[in-house]
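Participant: Predicted model and sequence below, questions to follow.
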Amino acid sequence: MCGVVGYVGKNLSRSYVMQGLARLEYRGYDSAGFACLDEKTEKLGCIRAEGQLVNLVKALEGQPLDGSVGIGHTRWSTHGVVAERNAHPHVDCLKKISVVHNGIIENYQLLKEQLSKENHLFRSETDTEVIAHLIEKAISQQGLLQAMLTIVKQLQGAYAFGCIGEPFKDTVVAVRKGSPLCIGIGDKEMFVASDVLAFAGLTDQVIYLPDETIALVHAGFLELYDFEGKQLFLVPQRVAVSWANDGKNGYEHFMLKEIFEQKTGIQATVSWLRELENGPWEHLGMTETQAQELESLTLVGCGTSWHAARIGQFFFESIAKVRTSVVLASEFRYMPFLPTGHSLYMALSQSGETADTLECLRMVKGHGCPTAVLTNVASSSMVRESDGYLLTKAGQEISVASTKAFSTQLAGLYWLAHELAYQKGLIDRQAVEQAYDQLLVAAEILEDSITRYREIITQRYAPYYAQFDKAIFLGRSISYPFCLEAALKLKEISYIFAQSYPAGELKHGPIALIAPDTPLFLFSTLEPVIYQKILSNAQEIKARHGHLVVFAFEGQDELCQLADLAFTVKPVAPLLAPLAMTGLMQFFVYAIADALGRPIDKPRHLAKSVTVE
Ligand code: M6R
């Protein structure tokens, strides 16, 4: 994973590269680096720093290094600890060639051994460094294109890399296999990046490099080749992306701001879906008849998107009566694939770039099955590569912990389940419109419940629960995937260990964990039968002196009376129970992390977009 940026053109590269890196920091923030061919000395110069980009900015202060050909990198470590020596760009033995890379070179150990035997000097523990040495070796024997064709035959894995060097002064080399890479075409200047966001506002003319492409990028022109050396001629497309980061807008963290943006995000998402000119099916790459005949749906995602999909399963099965399976992308790809007719495979992804999910889409497509994506990023790889897409309109999500992407995914799935039920003749148009109103009510409640508890959580409850170093999260039926999401949020931003279980499973073993130092968080539902079961689970916990916190609905007094602490939320349409509770759950967890002084928007070891498998 990582962000790759490059510039070649009429201007000096450093400010463009640094701006691009700031916008791509969501791809990793362990360390960062900048390299260019210095305009004064004509030598390659490279400066790197451990930690967030701000450290590189400091390291560059007072350094005159700049030139019209430059590359930069923001890292999420795969190989080698977080340290300046492992930060990109990496250089060859003579420090004349430098490389920035996103992806994994799977056979790097073997290549490193071979190159070391030939006396190449390695300075890092990364897989990337082998690329610099391979180029050094190949370029001493052949021209630039031939050298690149030679090395792509040696590299195994998925990669997108950029490279500059003294032997090919006016060029940024950009190579893509698997991992995304695009080129922005300006006026006598070119931008290379992992994501168009890096150069949004500078040009809207974009070439997304096809898989297995080598680009020799010069200020005024571009040469593209496939891995066999055949020249490619591609027409740039207009991509209207803007950089809309208006800062934290007075909030202490992006996460908090994004928690409070959920109501408008849900409204915007449902309005967008509702107003699609020809309805959702054409957008999803399907006909209405195919929707009517749909017999099974497979939802694929990772992390929070997977949790949203698991809640969505209840929507599709209850409302549209369509058998729905939900699979973790990292597992799905390596499971036996048994395609069935009348099915749709839908990826869920905030970023639209998550490598595990993207690879699943590619695999399913490779079997000739219909694919679609629900994503927050219209310019993402998944939108380009699937047969159809729908968007969530959450607006840019910056905090690593996903909040508004989750709630807008739930809204989108709920609405789509109703459209599908309508298409199948199970409900009338009025019921679809009712779903729209139900979503707006749930969005209001989501926000109101935070406002209602904000102060007491901040002052009292968060500092108290921040003292525990482990917690158990419980839910049943639709609140089980929701408790998985709550536990993920807590782990991710507070570093408190959190384990989730279906509440009914407690008595089959985990009940042994009940102890005074382990609070249990139990999420209720609005289904009467399930509520009764949850009540019994609460009784079992109290019978063992467990410390119980419940997230319940108004009127669920029996449950609240059993709890050591109870939060209540206004009732909504039963399937929207998790959506209504989302804001309160996220805020509670946020406040605990804040009480612990954690770096909430950029938690340790993480990245916003996980672009390696
Ligand atoms: O962009 P995606 O929705 O595909 O990302 C999937 C996960 O990496 C993501 O949801 C992750 O779990 C979040 N950091 C959770 O808050």
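Facilitator: Now that the structure is in, tell me what you want to look at.
Participant: Could you check the lengthiest helix in the chain and say which residues are buried?
Facilitator: Secondary structure assigned by DSSP state H gives helix 429-456 as the longest helix of the chain. Under the neighbour-count criterion of 16 or more other Cβ atoms under 10 Å, helix 429-456 has 432, 435-436, 438-450, 452-453 buried. All C-beta spots, glycine's among them, are computed from the backbone N, C-alpha and C.
Participant: give me the number of residues near residue 604?
Facilitator: Close neighbours of residue 604, defined as other Cβ atoms under 10 Å, add up to 11.
Participant: For the longest helix of the chain, the averaged confidence score.
Facilitator: Within the predicted structure, the mean pLDDT of helix 429-456 is 97.
Participant: Contact partners for the residue in the chain that the ligand sits nearest to?
Facilitator: Of all residues in the chain, residue 303 sits closest to the ligand, with a separation of 1.9 Å (Cβ to the nearest ligand atom). Neighbouring residues of residue 303 by Cβ atoms under 8 Å, 6 or more residues apart in numbering: 402, 488, 610.
Participant: Among these, which one is most surrounded by other residues?
Facilitator: Highest neighbour count within those: residue 402, with 27 neighbours (other Cβ under 10 Å).
Participant: Could you list the low-pLDDT ranges of the stretch 1-150 of the chain?
Facilitator: Applying pLDDT under 70 to the stretch 1-150 of the chain flags residues 1.
Participant: Where do the helices of it begin and end?
Facilitator: 14-24, 53-60, 108-117, 129-139, 144-154 (DSSP state H, counting those that start in this stretch).
Participant: With pLDDT and secondary structure added, can I get the contacts of residue 303 in TSV?
Facilitator: Output for those, formatted as TSV (pLDDT from 0 to 100; DSSP: H, G, I helix; E, B strand; the rest coil):
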residue	pLDDT	secondary structure
402	98	coil
488	98	helix
610	84	coil
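Participant: Columns distance to the ligand on top of those, output as CSV?
Facilitator: Output for those, formatted as CSV (distance: Cβ to the nearest ligand atom, whole Å):
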residue, distance to the ligand
402, 4
488, 6
610, 5
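Participant: Name all residues that make contact with residue 320.
Facilitator: Residue 320 makes contacts with 417, 418, 420, 421, 424, 426, as judged by Cβ under 8 Å, 6+ apart.
Participant: picking up where we left off before, I'd like to know which elements the first helix or strand past the longest helix of the chain going along the chain is packed against.
Facilitator: Remark: after helix 429-456, the chain's next helix or strand is helix 462-465, criterion DSSP states H and E. When contacts are defined as 3 or more Cβ pairs under 8 Å, 6 or more residues apart in numbering; DSSP states H and E, helix 462-465 sits against helix 577-595.
Participant: The helix it packs on to helix 429-456, inter-axis angle?
Facilitator: 20 degrees (axes from the mean of the first three to the mean of the last three Cα atoms, to 10 degrees).
Participant: Buried residues in helix 577-595, which are they?
Facilitator: Under the neighbour-count criterion of 16+ other Cβ under 10 Å, helix 577-595 has 577-595 buried.
Participant: same question, stretch 177-188
Facilitator: Using 16+ other Cβ under 10 Å as the test for burial, stretch 177-188 gives 177, 178, 179, 180, 181, 182, 183, 184, 185, 186.
Participant: just checking, which of those belong to strands?
Facilitator: Assignment to strands by DSSP state E places the following of these there: 177, 182, 183, 184, 185.
Participant: Need phi/psi at the nearest residue to the second one once chain neighbours are set aside.
Facilitator: Once its chain neighbours are removed from consideration, residue 182 has its nearest residue in residue 208; the separation is 4.8 Å (Cβ to Cβ, 6 or more residues apart in numbering). Summarising the backbone geometry of residue 208 under the convention degrees, to the nearest 10, its torsions are phi -80, psi 120.
Participant: Can you read off the pLDDT for the residue lying closest to residue 225 once chain neighbours are set aside?
Facilitator: Nearest residue to residue 225, sequence neighbours excluded (Cβ to Cβ, 6+ apart): residue 214, at 4.7 Å. Reported pLDDT at residue 214 in the predicted model: 98.
Participant: So which residues make contact with the helix or strand where residue 214 lies?
Facilitator: Take DSSP H and E as the rule and residue 214 turns out to sit in strand 213-217. Strand 213-217 has contacts (Cβ under 8 Å, 6+ apart) with 6, 8, 144-145, 148-149, 152, 171-176, 181, 183, 190, 192, 207, 209, 222-227, 232.
Participant: which of those are buried?
Facilitator: Among these, the ones that count as buried by 16+ other Cβ under 10 Å are 6, 8, 144-145, 148-149, 152, 171-176, 181, 183, 190, 192, 207, 209, 222, 224-225.
Participant: Would you list the phi and psi of the residue nearest to residue 281 when sequence neighbours are not counted?
Facilitator: Nearest in space to residue 281, with sequence neighbours left out and distances taken as Cβ to Cβ, 6+ apart, is residue 291 at 4.9 Å. Main-chain torsions, residue 291, degrees, to the nearest 10: phi -60, psi -40.
Participant: cool, and residue 562?
Facilitator: Per-residue torsions, residue 562: phi -80, psi -20 (degrees, to the nearest 10).
Participant: correct me, but it touches residue 552?
Facilitator: No. When contacts are counted by Cβ atoms under 8 Å, residue 562 is not listed as touching residue 552 (9.9 Å).
Participant: These two: which has the busier surroundings?
Facilitator: For residue 562 and residue 552, the more surrounded residue by other Cβ under 10 Å is residue 552, and the numbers stand at 25 against 18.
Participant: Mind listing the residues bridging to that one?
Facilitator: In this entry, residue 552 is beta-bridged to residue 568, by DSSP bridges.
Participant: Does it touch residue 558 like I think?
Facilitator: No. At 9.5 Å, residue 552 does not count as touching residue 558 under the criterion of Cβ under 8 Å.
Participant: Quick check: residues of the stretch 351-500 of the chain near the ligand?
Facilitator: Residues of the stretch 351-500 of the chain lying close to the ligand by Cβ under 6 Å from any ligand atom are 351, 354, 357, 400, 401, 402, 488, 492.
Participant: ok, the fourth one - contacts?
Facilitator: Spelled out, it's residue 400. Contacts for residue 400 (Cβ under 8 Å, 6+ apart) come out as 26, 492, 601, 602, 603, 606, 607, 608.
Participant: measure it to residue 602 for me?
Facilitator: Distance, residue 400 to residue 602, using Cβ to Cβ, to the nearest Å: 6 Å.
Participant: Provide the strand pairings for the helix or strand harbouring residue 225, with the direction of each partner.
Facilitator: Applying DSSP H and E as the criterion places residue 225 in strand 222-226. Counting by DSSP bridges, the strands paired with strand 222-226 are strand 213-217 (antiparallel), strand 231-232 (antiparallel).
Participant: Out of the ones you listed, which is closest to residue 271?
Facilitator: Closest to residue 271 of the strands paired with strand 222-226 is strand 213-217 (Cβ to Cβ; 38.3 Å).
Participant: Export the closest one to PDB, keeping only CA atoms.
Facilitator: The C-alpha coordinates for strand 213-217 follow below in PDB (Å, rounded to 0.1, in the frame of the first residue of the first chain):
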ATOM      1  CA  THR A 213       1.800  -1.100 -18.900                       C
ATOM      2  CA  ILE A 214       5.100   0.800 -19.000                       C
ATOM      3  CA  ALA A 215       4.800   4.500 -19.400                       C
ATOM      4  CA  LEU A 216       7.800   6.700 -20.300                       C
ATOM      5  CA  VAL A 217       6.500  10.100 -19.200                       C
END
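Participant: from the chain's centre, how far out does it sit?
Facilitator: Remark: strand 213-217 is offset 27 Å from the chain centroid, using Cα atoms, centre = their mean, to the nearest Å.
Participant: In it, which residues are buried?
Facilitator: Residues of strand 213-217 classed as buried by neighbour count (16+ other Cβ under 10 Å): 213, 214, 215, 216, 217.
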